[in-house]
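>>> this one's structure only:
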């Protein structure tokens, strides 16, 4: 009889423990669960659209006030209406989109070339000690060298053509992409690499499945910096190396404004260069950053 009571007591204790464990698991699941709901349009407008629109409106108001106050001569600081007239004229002549596309196509193609070259170079420097000792300081030095310094030798070597433009972009962007990947690989915990080797992920397989995914934050930072260097290098090349055979990009437009003393054209070129840079960041790099952060549990999508 005592044995029966003991068995019943143990069964009850096991049942209570199972219930407690189930309750604990349910609580943890509730903590991990993320309520995914569609953000109201009004909330999106208030948080995402209204702040930049308000900032732009404030800049325009201050700009117009400076014009009314006549802080400087008209030919030095054009009014917003004059710059808008420049935009309207370029659009009416059908040249506005041509300016933008000429520079964007060069910049993106040059950046893709830099990506193809800089990624394996960064992996090689990060994983091979002899290569790092030989090339690592050179990459850091090239990264700190102003991109405009490469324009004169590139013109002398390759002439006034698109090859010269791409050479300047590569020399500006490849070191940033490679160094970003090296920094990302250096931040990988050694335990991850050993675990991958234990599971058989070695050589190219380990690089693809372990090294590259684990180094994504640093690699992405290098890509952003590489694009910034690509865009700035291209603008420097277009400003310095002007030729009818190269077409008219945003850099050439800026130089034309300087040559003709047209500050409205200069401001137009500056605004277009700024808008393209912001658009690339918002459309390409910001979604990539959110995806990387979300995949690591650092960003919750509400």
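Now that the structure is in, tell me what you want to look at. Being a predicted model, the structure only gives us computed values, none of them experimental. Numbers count the residues shown, from 1 in each chain.

>>> low-confidence ranges in the protein?
For the chain, applying pLDDT under 70 flags the ranges 1-42, 44-46, 48-49, 192-207, 209, 297-302.

>>> rerun that using 50 as the cut-off
Scanning the chain for pLDDT under 50 picks out 1-2, 13-14, 17-18, 21-22, 24-26, 28-36, 302.

>>> list of residues touching stretch 264-272?
Around stretch 264-272, the neighbours that count as contacts under CB atoms under 8 Å, 6 or more residues apart in numbering are 78, 82-83, 85-87, 90, 99-100, 250-251, 253-254, 256-258. Glycine gets a C-beta too; all of them are placed from N, C-alpha and C.

>>> quickly find the element holding residue 213.
When secondary structure is defined by DSSP states H and E, residue 213 falls within helix 212-214.

>>> what helices and strands are in contact with the helix or strand that that helix is followed by?
Secondary structure here is assigned by DSSP H and E; on that basis, the next helix or strand after helix 212-214 toward the C-terminus is helix 216-240. Taking 3 or more CB pairs under 8 Å, 6 or more residues apart in numbering; DSSP states H and E as contact, the helices and strands that helix 216-240 lies on are helix 96-127, helix 151-158, helix 162-186, helix 250-259, helix 263-280, helix 286-295.

>>> and among these, the most buried is which?
The highest mean neighbour count among the helices and strands packed on helix 216-240 belongs to helix 162-186 (a mean of 24), with neighbours defined as mean count of other CB atoms under 10 Å.

>>> just the contacts of stretch 264-272 now: which is nearest residue 176?
Using CB to CB, residue 251 comes nearest to residue 176 of these, at 19.9 Å.

>>> list the residues that contact that closest one.
103, 234, 235, 236, 237, 238, 239, 269, 273.

>>> repeat that for residue 182.
For residue 182, the contact set (CB under 8 Å, 6+ apart) comprises 122, 125, 126, 132, 136, 139, 218.

>>> and residue 165, how far is that from residue 245?
Taking CB to CB, to the nearest Å as the criterion, residue 165 is separated from residue 245 by 12 Å.

>>> and the contacts of residue 251, which two are furthest apart?
Of all pairs drawn from the contacts of residue 251, the greatest distance, 14.6 Å, lies between 237 and 269 (CB to CB).

>>> and residue 158, how close does it get to residue 167?
Spatial separation of residue 158 from residue 167 under the definition CB to CB is 6 Å.

>>> now do the end-to-end distance for stretch 61-78.
Separation of the first and last residues of stretch 61-78 by CA to CA, to the nearest Å is 14 Å.

>>> how about that stretch: buried residues?
Taking 16 or more other CB atoms under 10 Å as the neighbour-count basis, stretch 61-78 is seen to contain the buried residues 67, 78.

>>> show me what contacts the residue minimising distance to the centre of the chain?
Nearest residue to the geometric centre of the chain (CA atoms, centre = their mean): residue 224, 3.2 Å. For residue 224, the contacting residues are 281, 285, by CB under 8 Å, 6+ apart.

>>> recalculate using a threshold of 10 Å.
The contact partners of residue 224, by CB atoms under 10 Å, 6 or more residues apart in numbering, come to 176, 177, 180, 280, 281, 284, 285, 286, 288, 289.

>>> need the contact partners of the helix or strand where residue 66 lies.
Assigned by DSSP H and E, residue 66 falls within helix 50-69. Helix 50-69 is touched from outside by 44-45, 71-72, 74, 77-83, 267, 278, 282, with contacts defined as CB under 10 Å, 6+ apart.
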